[in-house]
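Trainee: please find the sequence and the predicted model below.
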Amino acid sequence: MIALLFSIFRIDIPNIQVYNSGMISRKYYLEQVSTALRRSPITALLGPRQCGKTTLAKAIAEKMQGTYFDLESSVDVRRLQNPEMVFADLQGLVILDEIQT
């Protein structure tokens, strides 16, 4: 699984903080992704299976009001059949999860 995060327009990327109870602390990784997004408009989350990439991507999408697409979802795949139309209306952070498919 690879999650690709990118911003359509250059946006101010805040330091992302997630307050979670009972979950694994991802503060370090959230800070790293936040730094990467400020440095580059396209950032990839890479790692082994089941290590929390999707959870991290969803937390970032929630905190930054990003648009999240899961390319293992047939609904999202159908939405992206015409990417020019979909992306034309979006601003801010866009996350493409499972992009390797």
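Mentor: On my side now, so go ahead. Numbering: from 1, shown residues only.
Trainee: which of the residues in the helix or strand harbouring Thr55 are buried?
Mentor: With secondary structure defined by DSSP states H and E, Thr55 is part of helix 53-63. For helix 53-63, a neighbour-count test (16 or more other C-beta atoms under 10 Å) marks Lys53, Thr54, Leu56, Ala57, Lys58, Ala59, Ile60, Ala61, Lys63 as buried. For glycine as for every other residue, the C-beta is placed from the backbone atoms N, C-alpha and C.
Trainee: a markdown table for those residues, including distance to Leu71 and pLDDT?
Mentor: Shown next, in a markdown table, are the buried residues of helix 53-63 (distance: C-beta to C-beta, whole Å; pLDDT from 0 to 100):
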| residue | distance to Leu71 | pLDDT |
| --- | --- | --- |
| Lys53 | 13 | 89 |
| Thr54 | 11 | 91 |
| Leu56 | 17 | 89 |
| Ala57 | 12 | 90 |
| Lys58 | 14 | 90 |
| Ala59 | 19 | 88 |
| Ile60 | 17 | 88 |
| Ala61 | 14 | 88 |
| Lys63 | 22 | 84 |
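Trainee: restricting to C-alpha, output the helix holding Thr55 in PDB.
Mentor: What follows is helix 53-63, C-alpha atoms only, in PDB (Å, rounded to 0.1, in the frame of the first residue of the first chain):
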ATOM      1  CA  LYS A  53       0.000   4.200   6.600                       C
ATOM      2  CA  THR A  54      -3.800   4.400   5.900                       C
ATOM      3  CA  THR A  55      -4.500   5.500   9.500                       C
ATOM      4  CA  LEU A  56      -1.900   8.200   9.300                       C
ATOM      5  CA  ALA A  57      -3.200   9.400   5.900                       C
ATOM      6  CA  LYS A  58      -6.800   9.500   7.200                       C
ATOM      7  CA  ALA A  59      -5.600  11.500  10.300                       C
ATOM      8  CA  ILE A  60      -3.900  14.000   8.100                       C
ATOM      9  CA  ALA A  61      -6.900  14.300   5.900                       C
ATOM     10  CA  GLU A  62      -9.100  14.900   8.900                       C
ATOM     11  CA  LYS A  63      -6.900  17.500  10.500                       C
END
